[in-house]
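> Below are the sequence and a predicted model; questions follow.
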Amino acid sequence: METQTLEVEVRELSGKGPARQLRAQGKIPGVFYGPGVDTTKLSLSPKELVKGLSTPYRLNAVFEVSVGGATHRVMVKDVAVHPVSRQPLHVDLYLVDDTRRVDVRVPVTTHGRPVGVVRGGTLHTVFRDLPIRCVPSKIPSIIDIDVSDLDIGDAVAVADLGLDEGIEVQFKPDRRVVLCTESRAEEVEEEEGEGEAVATEAPES
């Protein structure tokens, strides 16, 4: 993954008043923190942040920022957005490097027309994204699955994904990611059962 440069400035003041002044100037408040560095209050352009998060990596994008004369790699730990405009209001930037793995969620896509669909079955994507653990430079933008060979009753499990070395899915190897069912009724039952499990497994970063 290529990093993007994000221009930031160190700010001294905090609170609602200074934050409103920043936004009036076309900027938003932020904070930079992480292992081995001092927590630092920042200001930055929301437009540049949105642009940086508009790549295929979205919230998993890695940025380079200059703080205190040193260049650091960071990821967005949290971003507050306006409830109507959805524009960023505040962002937390967390220090990362390739000596430490991070936990992210990566979207799942499929390509190909399954054999089972040709025979009247239904393709079901159980998970729209997967919890991944790896170093920042290895984060994939998507997990793309070829489903062409799936017949009715077949599935692609975590163990079948063939991800690069060092990329770990935080599910058991036999957990199904996509499957081809005989009828839509089966699809709904499978989706409900798997969906409940997803809701209890929050990402760690």
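Sure thing, it's come through.
> At which residues are the strands of this protein located?
4-5, 8-10, 28-33, 40-44, 63-67, 70-81, 88-95, 102-111, 122-125, 129-134, 143-146, 155-157, 168-169, 176-181 (DSSP state E).
> nearest to Pro18, of those strands?
Each of the strands of the chain was scored for nearness to Pro18 using CB to CB, and the closest is strand 28-33 (7.5 Å). For glycine as for every other residue, the C-beta is placed from the backbone atoms N, C-alpha and C.
> Pull up the pairing partners for that closest one, direction included.
Partners of strand 28-33 in the sheet, by DSSP bridges, are strand 40-44 (antiparallel), strand 88-95 (parallel).
> Only alpha carbons, please: show the first one as PDB.
Included here for strand 40-44 are C-alpha records, laid out as PDB according to Å, rounded to 0.1, in the frame of the first residue of the first chain:
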ATOM      1  CA  THR A  40      -0.400  16.100  20.100                       C
ATOM      2  CA  LYS A  41      -3.400  18.300  19.200                       C
ATOM      3  CA  LEU A  42      -3.600  19.100  15.400                       C
ATOM      4  CA  SER A  43      -5.500  21.000  12.900                       C
ATOM      5  CA  LEU A  44      -6.000  19.900   9.300                       C
END
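> any residues touching it, and which ones?
If you take CB atoms under 8 Å, 6 or more residues apart in numbering as the criterion, strand 40-44 is touched by 6-12, 14, 22, 27-33, 65, 67-68, 91, 93.
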